[in-house]
Structure formats: structure tokens, C-alpha cells
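Asks: Quick one: sequence plus predicted model below, questions after.
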Amino acid sequence: MINVRVDKEIEEKLINIAKEYNKTKSDVVKEAIKTYLNKFEEERQRKIKEALDYFENNSINTNIDNIKAIQRIKSEKDIS
């Protein structure tokens, strides 16, 4: 359970929507949060897919010698 404070303007809109659809304010808020979270998750998934598509379609230098050289430099810095 959560409690949320909203300004008068939002509360008035919430009351009007609840009345119009014969729902409680709580039901309207729950639906709004669910819709927002679904939209947020869809955007997150879209960005992940976009990144994966980029890596699949572009040449990324994963030369093992380069990776080993970077690891060696990092370990040398850790020793100093």
C-alpha cells in the first residue's frame, strides 16, 4: 500500500474521471500506474532491442589481443 499526495488540480481531474467512469479514485490511480509502468517497460525493452540490433549489425572490435592488453593495463594499475 502507498499513499500519494497530489495538488488540487490533479485531484479534481481524478475525481472527474472517477465519476465519469463510475470508479473509485483508487481504481483510477491503480490503472494509471499500471499503464505508466507498462509503457515504461515497453520503452526499456525497445531500447534493449535497439542496442542488440546495433551490435548485431555493426562490426565491433572484440579482438582477444586487445581485450588481453586492456586487462593487463588494468592489472598493472592495480599493482602500483
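Replies: Great, that's in hand.

Asks: just how off-centre is the lengthiest helix in the chain within its chain?
Replies: Across the chain, the longest stretch assigned as helix under DSSP state H is helix 25-57. Between the mean C-alpha point of helix 25-57 and the mean C-alpha point of its chain there is a distance of 6 Å (C-alpha atoms, centre = their mean, to the nearest Å).

Asks: what's downstream of that helix, the next helix or strand?
Replies: helix 64-79 (DSSP states H and E).

Asks: Give me the helices and strands touching that following helix, please.
Replies: In this structure, helix 64-79 makes packing contacts with no helix or strand, judged by 3 or more C-beta pairs under 8 Å, 6 or more residues apart in numbering; DSSP states H and E. All C-beta spots, glycine's among them, are computed from the backbone N, C-alpha and C.

Asks: Dump it to CSV, restricted to CA.
Replies: What follows is helix 64-79, C-alpha atoms only, in CSV (Å, rounded to 0.1, in the frame of the first residue of the first chain):
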residue,chain,number,x,y,z
ILE,A,64,41.1,-11.0,-28.0
ASP,A,65,44.6,-9.4,-28.0
ASN,A,66,43.1,-6.0,-27.4
ILE,A,67,41.0,-7.3,-24.6
LYS,A,68,44.0,-9.0,-23.0
ALA,A,69,46.0,-5.8,-23.4
ILE,A,70,43.3,-3.8,-21.6
GLN,A,71,43.2,-6.4,-18.8
ARG,A,72,47.0,-6.3,-18.4
ILE,A,73,47.0,-2.5,-18.2
LYS,A,74,44.2,-2.6,-15.6
SER,A,75,46.0,-5.2,-13.5
GLU,A,76,49.3,-3.2,-13.7
LYS,A,77,47.5,-0.1,-12.4
ASP,A,78,46.0,-2.2,-9.5
ILE,A,79,49.5,-3.3,-8.5
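
Asks: how near is the most centrally placed residue in the chain to Leu37?
Replies: Relative to the mean C-alpha position of the chain, the nearest C-alpha, by C-alpha atoms, centre = their mean, is the one of Arg44, at 4.7 Å. Relative to Leu37, Arg44 is positioned 10 Å away (C-beta to C-beta, to the nearest Å).
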